[in-house]
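Peer 1: Have a look; sequence and predicted model below, questions after that.
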Amino acid sequence: MQASATLAVAASTLPAQDHSQHGLTQIETAAPKKARFFNKQEMALLEQLVEQIIPRSDTPGAADAKVHYFVDLQAHTNKKLGSQLRKDLAWVRKQGFAKGDAAKQVELLTAWSKQKGTSSFGVFQRLKDLTIDGYYGSREGLAQELGWNANTFLREFKGCTHPEHGV
């Protein structure tokens with residue numbers, strides 16, 4: 001009995017676990033945001049990029065979910081990634097992305113996404129992957145768009161019912 005009480009006390013004093021290594025870092029929307037890695041111009045460009053990758057529709061977009069701060073956190077915690085992203089953002093800026101309207105921005109992203117095997121595609125893929133990870137790890141992506149509710153009680157879970165899977 002004493003051992004379990006000791007474990008309970010020890011567990012209660014442990015710091016909260018960082019889930020970012022599993023892609024589960026939730027973006028807190030209540031607290032004011034402050035960039036940890038990128039400067040103001042880079043953050044503004046990053047906000048434009050994530051919004052064009054997952055734009056607002058009947059649900060919030062990536063900028064609404066503050067995904068650019070998620071990307072900034074990833075860059076802050078992984079300096080190699082951060083260095084690459086800083087180069088990527090400089091390249092994106094040289095392509096005129098920030099100066100274009102929404103249609104021009106989508107046109108550029110679409111072109112980069114089709115250039116497989118090029119550095120343009122690499123930039124697009126990194127930004128897209130981080131945007132998706134950040135958005136679907138946020139309340140806006142999980143709860144509002146996907147309708148996920150971790151507190152749902154299932155009386156029965158039938159599992160896979162496809163005949164081809166041998167059920």
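Peer 2: Ah, there it is.

Peer 1: From the centroid of the protein, which residue is nearest?
Peer 2: By Cα atoms, centre = their mean, the chain has its centre lying nearest to residue 134, at 1.3 Å.

Peer 1: Can you give me the neighbour number for the closest residue to that residue other than its chain neighbours?
Peer 2: Among residues not flanking residue 134 along the chain, residue 70 sits closest, at 3.3 Å (Cβ to Cβ, 6 or more residues apart in numbering). Where C-beta positions appear, they are placed from N, C-alpha and C, glycine not excepted. Neighbour count of residue 70, defined by other Cβ atoms under 10 Å: 24.

Peer 1: wouldn't residue 70 be in contact with residue 130 here?
Peer 2: Yes. The criterion here is Cβ atoms under 8 Å, and residue 70 meets it with residue 130 at 7.2 Å.

Peer 1: for this structure, what are the low-confidence residue spans?
Peer 2: Where the chain drops to pLDDT under 70, the residues are 1-32, 166-167.

Peer 1: Not counting its own residues, what contacts stretch 120-136?
Peer 2: 23, 25, 27, 49-50, 53-54, 62, 65, 67, 70-71, 74, 84-85, 88, 91-92, 109, 111-115, 141-142, 145-146 (Cβ atoms under 8 Å, 6 or more residues apart in numbering).

Peer 1: thinking again about what came up before, now do the buried residues in the one helix or strand the residue nearest to residue 134 maps to.
Peer 2: Element membership for residue 70, per DSSP states H and E: helix 67-77. Buried residues in helix 67-77, counting neighbours by 16 or more other Cβ atoms under 10 Å, are found at 67, 68, 69, 70, 71, 72, 73, 74, 75.

Peer 1: just stretch 35-51 next, same as before
Peer 2: For stretch 35-51, a neighbour-count test (16+ other Cβ under 10 Å) marks 35, 37, 38, 42, 43, 45, 46, 47, 48, 49, 50, 51 as buried.

Peer 1: who touches the second one in this structure?
Peer 2: If a contact means Cβ under 8 Å, 6+ apart, then residue 37 has 72, 73, 75, 76, 82 as its contacts.

Peer 1: Kindly indicate whether the closest residue to residue 148 other than its chain neighbours is helix, strand or coil.
Peer 2: Counting by Cβ to Cβ, 6+ apart, residue 142 is the residue found nearest to residue 148 once chain neighbours are left out, at 4.5 Å. Secondary structure, DSSP: H, G, I helix; E, B strand; the rest coil: residue 142 is helix.

Peer 1: Quick check, residue 142 in contact with residue 60.
Peer 2: No. Residue 142 is beyond contact range of residue 60, at 11.5 Å (criterion: Cβ under 8 Å).
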